[in-house]
Each structure stands twice: as structure tokens, then as C-alpha cells.
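[1] what follows is a predicted structure for the sequence shown.
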Amino acid sequence: QVQLVESGGGLVRPGGSLRLSCTAPGFTLDYYAIGWFRQAPGKEREGVSCISSRDVSSYYVDSVKGRFTISRDNAKNTVYLQMNSLKPEDTAIYYCAAAMLCGSTADYDYWGQGTQVTVSS
């Protein structure tokens, strides 16, 4: 069973930064596009960002453009989401997921358990 593992969440003040990491022990992420999703209480899960398998393309939802940066280090089998200028509305559980191509939520085959990000003063 493939399991992705997220880390790096926490409590941060508005305007602060966090870096989330996504890895998969025993499973190579190199050939997969990796997406970051988030789900706030009472809301549907939304796609935040995605990076293609060869690091050629990356995508962001409009609400995080200019603030979040996705990257991958295949040597470390890890994908990162650098989150700057965080806002209270960024508060959610963040998930990473793997797919052959960046796409909609249904396209992702493997998911992590999520990491909580809370932005509050």
C-alpha cells in the first residue's frame, strides 16, 4: 500500500511562512506528478498546487499565486510547498497526492494523511 507522508504543518501568525514536505517511504515519486490539496472545516477539498513529474510545469490556484511555491527534490524523494505571507483563510488540512499528470482530485491515485496548517494571531 503506497502511503504519502506530509510534514511541516503547524500554527503560524498571519504573514508568516511554513514549508510543507511530502515524501513516500519505499515508493519513488520521480515518475509522478505531485499535487497539494487543502480542506478547511465545512468546505470541499481544493487543489492548491501541482508539479509535473519532470519538474517542467507547475500550477497554482489563484488564491495562492505569488505566495506559495511548489518544488521537488527527486534525490530526496520529496516535494515541497513553500508557503509565504500566510493568511487566516489558508487554514486547512493540507494533503499531498500522486498522479500520472496534474489534474482534478479524482485523477490522484495515492494520498497522504494530511498535515494541519493554522494561521492565527
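    On my side now, so go ahead.
[2] give me the three-state assignment for the residue nearest the centre of the chain.
    What sits nearest the mean C-alpha location of the chain, by CA atoms, centre = their mean, is W36, with 2.7 Å. Using DSSP: H, G, I helix; E, B strand; the rest coil, the structure places W36 in strand.
[3] does it touch I70 like I think?
    Yes - contact criterion CB atoms under 8 Å: W36 and I70 qualify, at 6.6 Å. All C-beta atoms are positioned from the backbone trio N, CA, C, and that covers glycine.
[4] can you list residues touching both of the two?
    Common neighbours of W36 and I70, counting by CB atoms under 8 Å, 6 or more residues apart in numbering, are S49, C50, L81.
[5] so which of those are in helices?
    When the shared contacts of W36 and I70 are checked against helices using DSSP state H, none is located there.
[6] would you reformat these as CSV and include pLDDT and distance to S58?
    What follows is the shared contacts of W36 and I70, written out as CSV (pLDDT from 0 to 100; distance: CB to CB, whole Å):
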residue, pLDDT, distance to S58
S49, 98, 7
C50, 97, 7
L81, 98, 11
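[7] tell me which of these is nearest to S7?
    Nearest to S7 out of the shared contacts of W36 and I70 is L81 (CB to CB; 11.1 Å).
[8] tell me who's in contact with that closest one.
    By CB under 8 Å, 6+ apart, the contact set of L81 is R19, L20, C22, W36, V48, S49, F68, T69, I70, Y94, C96.
[9] are any of these buried, and which?
    Among these, the ones that count as buried by 16 or more other CB atoms under 10 Å are L20, C22, W36, V48, S49, F68, T69, I70, Y94, C96.
[10] thinking again about what came up before, secondary structure and distance to C102 added to the contacts of L81, as a markdown table?
    Formatted as a markdown table, those follow (DSSP: H, G, I helix; E, B strand; the rest coil; distance: CB to CB, whole Å):
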| residue | secondary structure | distance to C102 |
| --- | --- | --- |
| R19 | strand | 20 |
| L20 | strand | 17 |
| C22 | strand | 14 |
| W36 | strand | 11 |
| V48 | strand | 12 |
| S49 | strand | 9 |
| F68 | strand | 15 |
| T69 | strand | 15 |
| I70 | strand | 10 |
| Y94 | strand | 17 |
| C96 | strand | 13 |
